[in-house]
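Participant: structure for this input, please:
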Amino acid sequence: MCLGAFLVPYVVFALLFGVPLFLLETSIGQYTQEGFATYWRKLCPLAQGIGYGHILLKMFELSFIIIQSWALFYLIYSFSSQLPWASCENSWNTANCLSLDPLDSNSTNRTTVKNTTSAAVEFWERRVLGMSGGIEELGSVRWELALCLLVCWVFCYFSIWKSVRSSGKVAYVTATFPYVMLLILLIRGATLPGALDGIYYYLYPDINRLANFEVWIEAGAQIMFSNSLASGTLIVLGSYNDYNNDCYKDCFWICLLNSGTSFVAGFVIFSVLGFMAQAQGVTVDTVVQSGPGLAFIAYPQATALMPLPQFWTVCFFLMLLFLSVDTHFVTVECLITSITDLFPKLFRKKGRNEIFVLLICSISFVIQLMLVAEGGIYIFHLLDFYGSTRACLYFLALCECLALSWGFGADRIINIIEDMTGHKPNVFFKLCWKYIIPLLSLISFILYLVDYKHLQFNDWYIYPDWAYALGWIMMLSSVLMVPLWAAGKIIVSVKTSTEHLSALCCPPEDPALRRNNTLGEEM
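Facilitator: Take a look at the predicted model:
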């Protein structure tokens, strides 16, 4: 999708949805000093089902580590004297292979021949994935990918086994190094022939697309995914801040940095795609792909056409690897922190945290061996489409804002932020928390369900009915946690008076006094 049609809804969602929700989650995490499952006990016990929904979301998100394994696999092959996805002279290639190497007999002069497959696609599907015919045919484990997966989990364990004391040190490298690679790739991409065509496609405004609701839903989803909103991540990360950390100022800078990085990354990608389109004599929209295909087919295919292809490929996959490392250990750290907060007596004893982290990493590795099997790519897309779908995030964002701004109280949250940071948030944030975000979330959630279409893989593979049923179970599991917990909490309560129900929605003690009480105890 070109940015011209995407920028307007993206900016609207960033201002009305992204920044206010980012501030809400980080400030609440900083105030409660709890994970996303237990902080509800201090604010709105009736809504603790949202926290359990976040736990399920994090479990599904762990499947995304397979992207890190793919990146590591590609990085290793990037050091080859001849990039294996550039030619058709490999054991896994078929007679219909279309090479990128002009010296190869199966080179791009065969573009007029029908039913051809590029060498990059064949490397991805036949060499890396070894794709089977469908999810019904799980097949054998790809041992090279399994080894890459093991390396990723070992690195994750030693990055987080000492909690933030170890992961914080790793983040200094993994969070800054991608910016160096991004700058190098940006300079290289801008100097390629055809780069301006790709950038024009990226920025060209198509005003007619603004009438398409799908564009707005995707813009909101992009804001949520890129800022880790409504997934519990910001709550856990905020809980590690000092009480007086200026989360109000941090909110604006981090959101600006995140959106700016995404904007610049678009130039890196589309400048290279413009070069690739010119080299193949096609239009830019022909080579544009989404999902794993962009990172593991289109971009490697483009770098194979450049001078010094190994260098540019290594730069790209190093950047992708470090980005996925960050995402990986933050996801695991958030899950472990929240479970530990649920059972502090069990896991906070000396030495038990390391054992618990090892247990989580080991179990996750064994389960995810399914993802590196021949049918693993079908399972990955099922988890991606249903497990952490936009509908779940929109629903949890809706419930989160309703519980905090109406149950706990938006005015109390504003007082908390003022007490922690010394800045009183503008009334704009209160309006967003109480009205705008719930309304946008509800509309987006309904539109997603109305416009729902069954998942298809590569536009040709249709999943069996049992797979769709499993997908809906995954999606509904996190959604139904909210009403089921609330109903159970009310049913098991001995009291049923209005006063008791309001206590479930908001604890009786005034949290605005917490800081003063703490200071009094210290004195």
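Participant: residue nearest the centroid of the protein?
Facilitator: The chain has F225 as the residue nearest its centroid, 4.9 Å off, counting by CA atoms, centre = their mean.
Participant: ok, that one to T389 distance?
Facilitator: Counting by CB to CB, to the nearest Å, the gap from F225 to T389 is 11 Å. From N, CA and C alone the C-beta is placed, and that goes for glycine too.
Participant: ok, now L358?
Facilitator: 31 Å.
Participant: tell me which of those two has more neighbours.
Facilitator: A side-by-side neighbour count of L358 and T389, using other CB atoms under 10 Å, places T389 first with 23 against 12.
Participant: quick one: contacts for the closest residue to that one other than its chain neighbours?
Facilitator: Nearest non-adjacent residue to T389, counting by CB to CB, 6 or more residues apart in numbering: M475, 5.6 Å away. M475 is in contact with Y386, G387, T389, A391, C392, counting by CB atoms under 8 Å, 6 or more residues apart in numbering.
Participant: top of the residues you listed by neighbour count?
Facilitator: Taking other CB under 10 Å as the neighbour criterion, C392 ranks highest of those with 26 neighbours.
Participant: that one: helix or strand, and which one exactly?
Facilitator: Here C392 sits within helix 390-401, counting by DSSP states H and E.
Participant: show me the contact partners of that helix.
Facilitator: 21, 24-25, 47, 50, 53-54, 57, 217, 220-221, 224-225, 229-231, 433-434, 437-438, 441-442, 444-445, 448-449, 475, 478-479, 482.
Participant: please pick the buried ones from those.
Facilitator: 21, 24-25, 47, 50, 53-54, 57, 217, 220-221, 224, 229-231, 433-434, 437-438, 441, 444-445, 448, 475, 478-479, 482 (16 or more other CB atoms under 10 Å).
Participant: just the ones of the residues you listed in strands?
Facilitator: Residues of those located in strands (DSSP state E): none.
Participant: just those residues: which are in helices?
Facilitator: 21, 24-25, 50, 53-54, 57, 217, 220-221, 224, 437-438, 441, 444-445, 448, 475, 478-479, 482 (DSSP state H).
Participant: state whether L192 is indeed within a helix.
Facilitator: No: using DSSP: H, G, I helix; E, B strand; the rest coil, the assignment for L192 is coil, not a helix.
Participant: OK, contacts around the spatially closest residue to it that is not a sequence neighbour?
Facilitator: Leaving aside its chain neighbours, L192 sits nearest to F275 (3.8 Å; criterion: CB to CB, 6+ apart). Shown in contact with F275 (CB under 8 Å, 6+ apart): G189, L192, P193, G194, A195, G198, A302, L305, M306.
Participant: go again with 7 Å.
Facilitator: Applying CB atoms under 7 Å, 6 or more residues apart in numbering, we find F275 in contact with L192, P193, G194, A195, G198, A302.
Participant: now the closest residue to N241 other than its chain neighbours: which helix or strand?
Facilitator: In space, and not counting its chain neighbours, N241 is closest to Q30: 4.4 Å by CB to CB, 6+ apart. Take DSSP H and E as the rule and Q30 turns out to sit in helix 19-32.
Participant: contact partners of the helix or strand that comes right after that helix?
Facilitator: Later in the chain than helix 19-32, the nearest helix or strand by DSSP H and E is helix 40-43. With contact meaning CB under 7 Å, 6+ apart, helix 40-43 is reached by I28, T32, E34, A47, Q48, I50, G51, L404, F408, P507.
Participant: TSV please, covering those and showing pLDDT and distance to F347.
Facilitator: Shown next, in TSV, are the contacts of helix 40-43 (pLDDT from 0 to 100; distance: CB to CB, whole Å):
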residue	pLDDT	distance to F347
I28	94	23
T32	92	18
E34	91	14
A47	92	24
Q48	92	19
I50	95	22
G51	94	17
L404	94	27
F408	91	27
P507	66	25
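Participant: which among those residues end up buried?
Facilitator: By 16+ other CB under 10 Å, the contacts of helix 40-43 give I28, T32, E34, A47, Q48, I50, G51, L404, F408 as buried.
Participant: ok, the fourth one to L294 distance?
Facilitator: Think A47. 37 Å.
Participant: just the helices in the stretch 401-523 of the chain please.
Facilitator: 410-421, 427-431, 437-450, 465-491, 498-505, 514-522 (DSSP state H, counting those that start in this stretch).
Participant: go through the ones you listed and find the least confident stretch.
Facilitator: Lowest mean pLDDT of those: helix 514-522, a mean of 39.
Participant: quick check: C506 touching D411?
Facilitator: No: assessed by CB atoms under 7 Å, C506 is found out of contact with D411, at 11.6 Å.
Participant: those two: who's more crowded?
Facilitator: C506 (19 against 11).
Participant: need the CA coordinates for the helix or strand hosting F380. PDB is fine.
Facilitator: Using DSSP H and E, F380 falls within helix 376-382. Only the C-alpha atoms of helix 376-382 are listed here, as PDB (Å, rounded to 0.1, in the frame of the first residue of the first chain):
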ATOM      1  CA  GLY A 376       5.500 -25.100   9.700                       C
ATOM      2  CA  ILE A 377       4.900 -22.100   7.500                       C
ATOM      3  CA  TYR A 378       1.100 -22.900   7.400                       C
ATOM      4  CA  ILE A 379       1.000 -23.100  11.200                       C
ATOM      5  CA  PHE A 380       2.900 -19.800  11.500                       C
ATOM      6  CA  HIS A 381       0.400 -18.000   9.300                       C
ATOM      7  CA  LEU A 382      -2.500 -19.500  11.200                       C
END
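Participant: what's in contact with it?
Facilitator: For helix 376-382, contacts defined as CB under 7 Å, 6+ apart pick out 63, 66, 129, 131, 134-135, 370-371, 455, 457, 463, 467, 471.
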